[in-house]
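>>> just coords:
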């Protein structure tokens, strides 16, 4: 039965060195305070799987040396430019990249959600994305003639980590229309969530809220962290901190600048 | 762009003779008033696909001679006993039955939703359900050794028909946590919905309601029919009419009794 | 039949036996119209101080599911359902379950509702408890007419689930998955081995001396009557009223 | 360059051209950070009295999606997205798009963000409009280093979608899917054929006389400035302010 963790660090205990960690795209609810706590703890060799893209979260973790590999379909700071630490790490060969395409990641998570070993997907054939994925296969669709189709193996993360507007004391988490968070939790062995605040009551008891709720059954840990998505947005709650992201994009272009950023925003601001 | 139909009959125009009609299980929101209207119109040769089971709706349509085939995993009146017209039709060989199992139907609708030709599913191997489904295939899982797995072809209904609590004037329909209704609409060429009442506003503009809303983009027709699910339940709105269902179960055990039921509740009560 | 002076009802005995079969697990799911398994699951939860999660599928109030009708099956496919209950129009000695029809499938002489989720859940839920109160040669047959879900599978068929037991109004069988046979574990008080043999259409193993099914303890009966029954009344009001004389709580 | 005295801006010309390419369809989806395609899609909707549906993916307010991040791709897989826009770090003469890296994939000399949904949407969206304002030999190359999404496919590859055109700051190309080649359709006012040839890294077809891209009509400019710009300001406030001098409405 999930409980509200005594501290953010307690909640993050399931995220151990070397684990496969699933994280959502920037616009869905990224657990940034938790990410800074993981860097402070010095987590190592994470195998990140970002559904389907990632931005500051992966760039920070890569820059801080926490990442062994990333499977995703894009890493970028969006309007704030390329992801500088990710780009540098790729050019140095410091991390392993598993380039994918968005719907392939969605399908591979759904495969785990459904307990099947693979999912088929159209497209991809003739691309170098497919060419560089030895773990993906092409078969002939047995329901048609001469119809090659790609099969993607299920992605089974050890832990999913995200940030959401609220949870109740049973660990039910309100995710609204960000339904890939439900699929991620279903597909993962464990799920750790940070939330803006606690809902006083049972989210499943209200028929309107229940429609947007991930049941606590799938949730291992919940920690309350106000503005836990900062400086990224929390959908329909707060927007980007554009000034901060611009500062990050500027500092992180060099290794030294990135270290300054870490000192200022990760190590010194224990509570941020 | 969907509009609110002038009449129930107008809304049902897409459901033509011989079409593949997808209908939901009893507890999800069954369009019973619409079903009675279809019987009055004399629709013929429906190929019903019930996700994943069905009760009074299919029994009525079968008894009234509207059905050519049913694909589903169970037809029953639940606590009110077997589905008498369905049972009689099967014993007479009057309809074609495609016996399935619940998760196979869910997966086959999801295949259409995702635009893939098939979906894999565990289980089934060694069952007579599989043996009698020439359209299902067994293949060796290419990601493992000596691992047979069933592949199910996508189910692509012409029309999905269901009943829901409310819709707005843009055709957005609030379905709450009955999320298979979303998958059914995604998988179907067209979707026809009856609702208890109109929501005065935009369901997508409210972040809490939006989480349980099927966008009007997928909806072809909406008709307002108060108690349109009667005598079946509408989740969290009204329960079964147990007395009525007991009466049905009693009358429908004979062909004559069923005719009396039709006269009393379908043909004479035009508005019911 | 349980003698009239017995301090418990048949339903209470069966629920107590099923609760013990459930054991220490995380999640028990109970299908529609299964008041005795529901009682057993709630009893197990009461004993476990809230563990296992219990999903009563007949009642939206008593499931946590929010992802539509597929969530039950996805949840099972993820390995997150530990115990489920199945019944059958026919059950045979190899644990095969028939929910479809009797006679030739194309020209049946009797038709049941259909296989529901059995053709899948029987493969992926580790502990499936077969439950059929009518113990007769009509229901427990040598060979089912139609296999909705097979009791066993070939070695190369991935299968993490299957039957562990069959409970009837007369007795409790365990199921040996390797040998694909039932074994008589105990005969309920008031019933006899001869009666079980006479009413069972399939052969089964039996110990040299067949025990009597242990009766529920006073504490078990107290929990069922005082804690479980009021919860149960929300979903199965008629059953709760009949067995426990409890009315749906306000 | 458009002369200073021109009655419209470059962005307005491009949006007008793209709006015509969209044509009469049901649903146009526009990816993040694409203000000119967004302007074009909203212009098409204004002309069509509400048709097509326009999904601006950067903005939850301007999409109808409620089924999570997969809905865009599922929707496309269902054949329910008619027009989409793609750009690329590199685009070559066969319509191949590179969003991944330059040089050897294992030891790249430049890295872009990644393929996003291109490796799928290029196959299933009937009209994909390639959009790259920087028209140079660096972006329009003979052969991309990495194919995120191929311009064409073998005959036996199921493909209902692909490129129909490429629009740049200098000109408009159409794409011939059978021959897998671009054809120069028109050169924008203020630009020349020689300039296009000098700045394009791949060979392309061209008509004997290359037309000048038609300038937007007065009515088109009025709709863009009076109707589209205020809507656009909700999603692209900086762009709307710069191009249309419109501030986000209250």
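Good, I have the coordinates. All values derive from a computational prediction rather than experimental measurement. Residues are numbered from 1 along each chain as shown, chains lettered A, B, ... in the order given.
>>> can you list the domains in chain A?
What automatic domain parsing lists as the domains of chain A is A:3-115+A:156-266, A:118-153.
>>> Let me know which of the ones you listed is the nearest to residue D:21.
For residue D:21, the closest of these is domain A:118-153, at 22.2 Å, according to CB to CB. Every C-beta, even on glycine, is put in place using the N, C-alpha and C of the backbone.
>>> Give me the buried stretch members for that closest one, please.
Residues A:118-130, A:133, A:136, A:141, A:143, A:149-153 are the ones in domain A:118-153 that count as buried (16 or more other CB atoms under 10 Å in any protein chain shown).
>>> Would that domain count as contacting chain B?
Yes - legend: contact between domain A:118-153 and chain B by CB under 8 Å from any CB of the partner chain is shown at A:118-122, A:137, A:139, A:141-144, A:147, A:149, A:151, A:153.
>>> From the chain's centroid, how far away is that domain?
Distance of domain A:118-153 from the chain centroid (CA atoms, centre = their mean, to the nearest Å) equals 25 Å.
>>> what about it, average pLDDT?
The average pLDDT within domain A:118-153 is 98.
>>> first to last residue in it, what's the distance?
Across domain A:118-153, the terminal residues are separated by 4 Å (CA to CA, to the nearest Å).
>>> hang on, the earlier thing: what's the most distant pair in the residues of domain A:118-153 next to chain B?
Using CB to CB, the pair of the residues of domain A:118-153 next to chain B lying farthest apart is A:144 and A:153, separated by 22.3 Å.
>>> where does the stretch 51-200 of chain A dip in pLDDT?
Across the stretch 51-200 of chain A, nothing is flagged by pLDDT under 70.
>>> mind listing the strands for it?
A:67-72, A:96-99, A:118-121, A:137-140, A:148-153, A:159-167, A:173-174, A:190-198 (DSSP state E, counting those that start in this stretch).
>>> Format the ones you listed as TSV; extra columns: distance to residue B:207.
Listed next are the strands of the stretch 51-200 of chain A as TSV, based on distance: least, CB to CB, whole Å:
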stretch	distance to residue B:207
strand A:67-72	27
strand A:96-99	34
strand A:118-121	30
strand A:137-140	40
strand A:148-153	32
strand A:159-167	9
strand A:173-174	10
strand A:190-198	14
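>>> Between those, which one is closest to residue D:154.
strand A:148-153 (8.6 Å).
>>> is any part of the closest one close to chain C?
No - Strand A:148-153 does not reach chain C (CB under 8 Å from any CB); its nearest approach is 14.8 Å.
>>> Give me the residues contacting that strand.
Strand A:148-153 is touched from outside by A:104, A:107-108, A:111, A:117-125, A:130, A:135-141, B:116-117, B:142-143, D:156-158, with contacts defined as CB atoms under 8 Å, 6 or more residues apart in numbering or on different chains.
>>> Please repeat the previous calculation with a cut-off of 7 Å.
With contact meaning CB atoms under 7 Å, 6 or more residues apart in numbering or on different chains, strand A:148-153 is reached by A:104, A:107-108, A:111, A:117-122, A:124-125, A:130, A:135-141, B:117, B:142-143, D:156-157.
>>> Give me the residue ranges of chain C where confidence is low.
In chain C, residues with pLDDT under 70: C:1-6, C:247-250.
>>> Contact residues of it facing chain A?
Counting by CB under 7 Å from any CB of the partner chain, chain C comes close to chain A at C:50, C:51, C:53, C:64, C:66, C:67, C:74, C:77, C:78, C:124.
>>> tell me which of the residues of domain A:118-153 next to chain B is nearest to residue D:19?
The nearest member of the residues of domain A:118-153 next to chain B to residue D:19, counting by CB to CB, is residue A:122 at 28.6 Å.
>>> hmm, back to that, can you tell me which of the residues of domain A:118-153 next to chain B is nearest residue C:108?
Checking these against residue C:108 by CB to CB gives residue A:143 as the nearest, at 29.0 Å.
>>> can you tell me which of the strands of the stretch 51-200 of chain A comes nearest to residue D:201?
strand A:96-99 (23.6 Å).
>>> Which positions in stretch A:7-14 come out as buried?
The neighbour-count check on stretch A:7-14 (16+ other CB under 10 Å) flags A:8, A:11, A:12, A:14 as buried.
>>> near chain B too, which of these?
Within these, nothing lies near chain B by CB under 7 Å from any CB.
>>> And the helices in chain C?
Listed in chain order, the helices of chain C (DSSP state H) span C:10-22, C:35-47, C:71-77, C:118-124, C:193-199, C:218-223, C:229-232, C:237-244.
>>> Of all these, which one comes closest to residue D:58?
The minimum distance between residue D:58 and these falls on helix C:71-77, with 30.9 Å, by CB to CB.
>>> follow-up on the earlier one: of the domains of chain A, flag the one that's most buried.
Across these, averaging neighbours per residue (mean count of other CB atoms under 10 Å in any protein chain shown) puts domain A:3-115+A:156-266 on top, at a mean of 21.
>>> and the most centrally placed residue in chain C, what does it touch?
For chain C, the residue sitting closest to the mean C-alpha position, by CA atoms, centre = their mean, is residue C:131 at 3.3 Å. Residues in contact with residue C:131 (CB under 7 Å, 6+ apart) are C:37, C:85, C:87, C:167.
>>> biggest separation within these, which pair?
Greatest spatial distance in the contacts of residue C:131: C:87 and C:167, 10.4 Å, computed using CB to CB.
>>> ok, these two, which is more surrounded?
Shown here are residue C:87 and residue C:167; by other CB atoms under 10 Å in any protein chain shown, residue C:167 has more neighbours (27 against 21).
>>> give the contact list for that one.
Applying CB under 7 Å, 6+ apart, we find residue C:167 in contact with C:14, C:17, C:18, C:129, C:131.
>>> Next, format the residues you listed as CSV and append distance to residue A:243.
As requested, these are arranged in CSV below (distance: CB to CB, whole Å):
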residue, distance to residue A:243
C:14, 67
C:17, 67
C:18, 62
C:129, 61
C:131, 64
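>>> of all these, which comes closest to chain A?
Closest approach to chain A among the contacts of residue C:167 (CB to the nearest CB): residue C:129, at 20.9 Å.
>>> looking at it, that closest one is touching residue C:161, isn't it?
No - distance between residue C:129 and residue C:161: 11.4 Å, which falls outside the contact criterion (CB atoms under 7 Å).
>>> Show me what the host helix or strand of residue A:243 is packed against.
Using DSSP states H and E, residue A:243 sits in helix A:242-251. The contact analysis (3 or more CB pairs under 7 Å, 6 or more residues apart in numbering or on different chains; DSSP states H and E) places helix A:242-251 against helix A:255-261.
>>> quick one: contacts of the helix it packs on?
A:63, A:85, A:248, A:251, A:252.
>>> Go again with 8 Å.
Here helix A:255-261 has contacts from A:63, A:84, A:85, A:88, A:247, A:248, A:250, A:251, A:252, using CB under 8 Å, 6+ apart.
>>> Quick check: the gap between the first one and chain C.
Same thing as residue A:63. Per CB to the nearest CB, to the nearest Å, residue A:63 is found 34 Å from chain C.
>>> same deal with the third one?
Taking CB to the nearest CB as the measure, residue A:85 and chain C are separated by 34 Å.
>>> what do you get for residue A:114?
Residue A:114 is 5 Å from chain C, by CB to the nearest CB.
>>> does that residue really touch residue C:74, like I thought?
Yes - at 5.3 Å, residue A:114 counts as touching residue C:74 under the criterion of CB atoms under 8 Å.
>>> ok, residue A:8 touching residue A:37?
Yes - the pair residue A:8 / residue A:37 is scored as a contact, 5.2 Å apart, by CB under 8 Å.
>>> what residue of chain A is the furthest out?
residue A:145 (38.7 Å).
>>> Wait, residue C:234 touches residue C:42, no?
No - the pair residue C:234 / residue C:42 is not scored as a contact, 10.3 Å apart, by CB under 8 Å.
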